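> Output the structure for:
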Amino acid sequence: MRVFKMKSGLSGGVALLSLALMPLGALAAGPGTASSNLTTVTPGYTADSTGNAQALSNAQFTVMPGDLTLNAVPNLLLSNTNVKNIATGDTTLNVTSDNTAGGAGYDGNGSGNLNVSDYRGDHAGWALTVGMGPFTASSATIDSATLNLNMAKGAVDNNATTAPQTLSLTQADVTNGWVASPQTLWTAAAQTGEGSNVASTANTSSLQVAKQPTVSQGVYTATLYWALQNAPTAPKASS
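As a prediction, this is how the structure comes out:
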């Protein structure tokens with residue numbers, strides 16, 4: 001503590017009164033406090049042979065939160081087959097690199113791209129589900145088909161983000177505009193999934209069509225239903 005000497009000729013009472021009227025910060029070398037600082041009551045901090053004058057100020061910025069968004073989902077064009085193949089046995093249709101034509105889904109791309117971005121800044125994680133409706137061609141239907149969906153992990157901003165799962169999607173009923181019993185394809189646990197997350201349709205994806213002697217010729221299309229939830233665990237489908 002710095003000691004202040006009283007000037008000679010002044011009574012003790014006058015000296016004490018002078019100190020009482022002087023802001024406490026004026027005698028300090030800094031830093032200040034919330035109530036006594038360079039911008040409020042102090043005329044300045046003194047630097048002398050006994051020490052430096054010190055002060056603290058602030059630098060500050062704000063990071064605004066963004067959104068969790070589903071940016072791209074793939075169309076899946078499968079290889080062609082014929083009536084004989086399906087009428088006489090189980091048939092495997094491999095995914096191709098071309099785009100689909102027609103159908104009720106207008107959000108898909110022909111590049112096989114899947115993209116989720118998370119710029120919320122809360123590190124809460126997310127889950128992406130997908131389900132498949134029935135394959136139809138006008139009034140004709142495919143009795144049984146299973147889509148083996150394999151999405152290969154691409155570029156992700158957080159390397160801790162896991163890869164999508166491989167799914168086997170069967171044809172499911174559609175009620176009130178949405179498919180029953182979708183499955184979780186991609187999960188980002190808490191503290192993962194931040195930034196941009198890219199996956200692409202692997203060429204190992206395929207459709208298994210069961211033997212159907214009554215199959216009709218036509219272009220068969222099914223709708224894929226994608227849903228992104230802002231939690232790492234997707235809600236269970238209602239029974």
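> Give me the distance between the two termini of stretch 86-98.
22 Å (CA to CA, to the nearest Å).
> same check, this time on stretch 204-211
End-to-end for stretch 204-211, by CA to CA: 21 Å.
> got it, and stretch 157-170?
By CA to CA, one end of stretch 157-170 lies 32 Å from the other end.
> Can you give me the buried ones in it?
161, 164, 167, 169 (16 or more other CB atoms under 10 Å). The C-beta positions use only the backbone N, C-alpha and C, and glycine is treated the same way.
> repeat for stretch 131-141
In terms of neighbour count (16+ other CB under 10 Å), stretch 131-141 has its buried residues at 131-136, 141.
> What is the burial count for Asn109?
13 (other CB atoms under 10 Å).
> Let me see the contact set for Ala140.
215-216, 218, 220 (CB atoms under 8 Å, 6 or more residues apart in numbering).
> one more time with 6 Å, if that's ok
Shown in contact with Ala140 (CB atoms under 6 Å, 6 or more residues apart in numbering): 216, 218.
> and the gap between it and Gly218?
5 Å (CB to CB, to the nearest Å).
> do Ser139 as well
From Ser139 to Gly218 the distance is 9 Å (CB to CB).
> just Val209 next, same as before
The value you get for Val209 to Gly218, if CB to CB is used, is 13 Å.
> Ok, Lys84 next?
15 Å.
> More neighbours: Val209 and Gly218, which one.
Val209 (23 against 14).
> just to revisit the earlier point, which among the buried residues of stretch 157-170 gets closest to Ser181?
Leu169 (9.4 Å; CB to CB).
> For the most centrally placed residue in the chain, name its beta-bridge partners.
In the chain, the centroid-proximal residue (CA atoms, centre = their mean) is Asp118; its distance is 2.5 Å. Taking DSSP bridges as the rule, Asp118 bridges to Leu68, Gly195.
> pretty sure it is touching Glu194, no?
Yes - the pair Asp118 / Glu194 is scored as a contact, 5.2 Å apart, by CB atoms under 6 Å.
> domain assignment for the protein?
7-60, 68-229 (automatic domain parsing).
> where are the low-confidence patches of this structure?
1-28, 234-239 (pLDDT under 70).
> ok, which stretches of the protein are helices?
For the chain, the helices defined by DSSP state H occupy 12-21, 83-88.
> any idea how far Thr39 is from the residue lying closest to Gly112 once chain neighbours are set aside?
Spatial nearest neighbour of Gly112, excluding adjacent residues (CB to CB, 6 or more residues apart in numbering): Thr201 at 3.6 Å. Per CB to CB, Thr201 is found 61 Å from Thr39.
> who's Ala72 bridged to?
Applying DSSP bridges, one finds that Ala72 bridges with Asn115.
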